[in-house]
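Peer 1: For reference, the sequence and a predicted model appear below.
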Amino acid sequence: MKNIILSFAALFCGFFLAQAQPGGGMGGFQRPVVECDFDPYVPAPAGFDAERPGIPHGTIETVEYKSTTVGTVRKATVYLPPKFDADKKYPVFYLLHGIGGDELEWLRGGAPNVILDNLIADGKAAEMIVIMPNGRAQENDRAEGNVYAGSAAFANFEFDLIKDLIPFVEGKYNVYTDKMHRAIAGLSMGGGQSLNFGLGHMDLFAYVGGFSSAPNTNTPEVLIPDVAKTKAENKLLWMVCGSEDNLMYNSSRLKAFCDGRGVPCTLIEYPGGMHDFVVWKYGLYNFAQLIFNQ
Ligand code: FER
């Protein structure tokens, strides 16, 4: 119940903060609009997020790692693919949560294990390990109180991720450690983080995704300061956002920038989509099929 109240509080604040962005308009109900060409929306097949009996299932575990960045022991949720074999080497997908969430948010609302199990059973996604960290890199990393006050902690997660979590994951599991086997995507604040960190560290991440990315998303000029370098080094820049989501401009301005400069970039406008797991599950379903295939 507490979580539900917090989620509503976060969405409520988000709504008004989003209105306060440039272009928000006096009445507060006009959205900032950046025109761009969307990529075609193809619905996910019915049942993509429903548990299917008779197929092998992955497992979920929680890990704890020492963070030199935060100075605490931090938790992350881990999805290990069906028939996980410690002697096999896997790619790693870092999947990030939103401002009202934590390392369990995807599991609570997004059925990531079910979506991945189904995709892998159908041969539509590579066998991969999914790490769902806590992206609020501060001592108290629970989604408590005014979650907007924790925005700096979401930026600080860049250092926790790169200096602490990735080395921990690569020490604990038998995984590939090159950029072609590392992906990052997330929802809302986690989408902003993924675009910022993923495009900011193209030596670490070849595949980058943002689902309903929040105002923590850097401007296109900051995300892509060197067009030729991004064209050469990024292998996937993929976004989705609901048509009814006031945060669309964070995605559409990046899409418009990329299209204007010949940087491959996908942005799907989810028809009727709000700022919720309907869109984020769709994002996960699609993004997971596009990574680790080359
Ligand atoms: C904002 C609106 C929404 C904002 C963050 C969000 C930092 C994040 C929403 C989410 O993660 O769901 O103005 O500013």
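Peer 2: Cool, got the structure.
Peer 1: bridging residues for the nearest residue to F38 once chain neighbours are set aside?
Peer 2: Among residues not flanking F38 along the chain, E269 sits closest, at 4.4 Å (Cβ to Cβ, 6 or more residues apart in numbering). (C-beta placed from N, C-alpha, C; glycine too.) Counting by DSSP bridges, E269 is bridged to C241.
Peer 1: what helix or strand does N113 sit in?
Peer 2: helix 112-121 (DSSP states H and E).
Peer 1: I meant E61, not that one.
Peer 2: Per DSSP H and E: strand 59-67 holds E61.
Peer 1: Mind listing residues that contact that strand?
Peer 2: With contacts defined as Cβ atoms under 8 Å, 6 or more residues apart in numbering, strand 59-67 is touched by 73-80, 84, 103, 107, 113, 137, 160, 164-165, 168-169, 172.
Peer 1: let's see 7 Å
Peer 2: In this structure, residues lying in contact with strand 59-67 by Cβ atoms under 7 Å, 6 or more residues apart in numbering are 73-80, 84, 107, 113, 160, 164-165, 168, 172.
Peer 1: biggest separation within these, which pair?
Peer 2: Using Cβ to Cβ, the pair of the contacts of strand 59-67 lying farthest apart is F84 and D160, separated by 25.4 Å.
Peer 1: Comparing the two, which residue is more hemmed in?
Peer 2: For the pair F84 and D160, the greater number of neighbours falls to D160 (25 against 16), based on other Cβ atoms under 10 Å.
Peer 1: Any chance you could list what contacts the helix holding N113?
Peer 2: Helix 112-121 is contacted from outside by 48-52, 55-58, 60, 79, 81-82, 95, 106, 125, 127, 130, 281, 284-285, 288-289, using Cβ under 7 Å, 6+ apart.
Peer 1: I'd like the mean pLDDT over the following helix or strand past it, please.
Peer 2: Counting by DSSP H and E, the next helix or strand C-terminal to helix 112-121 is strand 129-133. For strand 129-133, the mean per-residue pLDDT is 99.
Peer 1: tell me what strand 129-133 is packed against?
Peer 2: In terms of contacts (3 or more Cβ pairs under 7 Å, 6 or more residues apart in numbering; DSSP states H and E), strand 129-133 is packed against strand 72-80, strand 92-96.
Peer 1: Please state the offset of it from the chain centre?
Peer 2: The chain centroid and the centroid of strand 129-133 are separated by 11 Å under Cα atoms, centre = their mean, to the nearest Å.
Peer 1: cool, stretch 127-137 as well?
Peer 2: The chain centroid and the centroid of stretch 127-137 are separated by 9 Å under Cα atoms, centre = their mean.
Peer 1: gap between the two ends of that stretch?
Peer 2: The first residue of stretch 127-137 is 28 Å away from its last residue (Cα to Cα, to the nearest Å).
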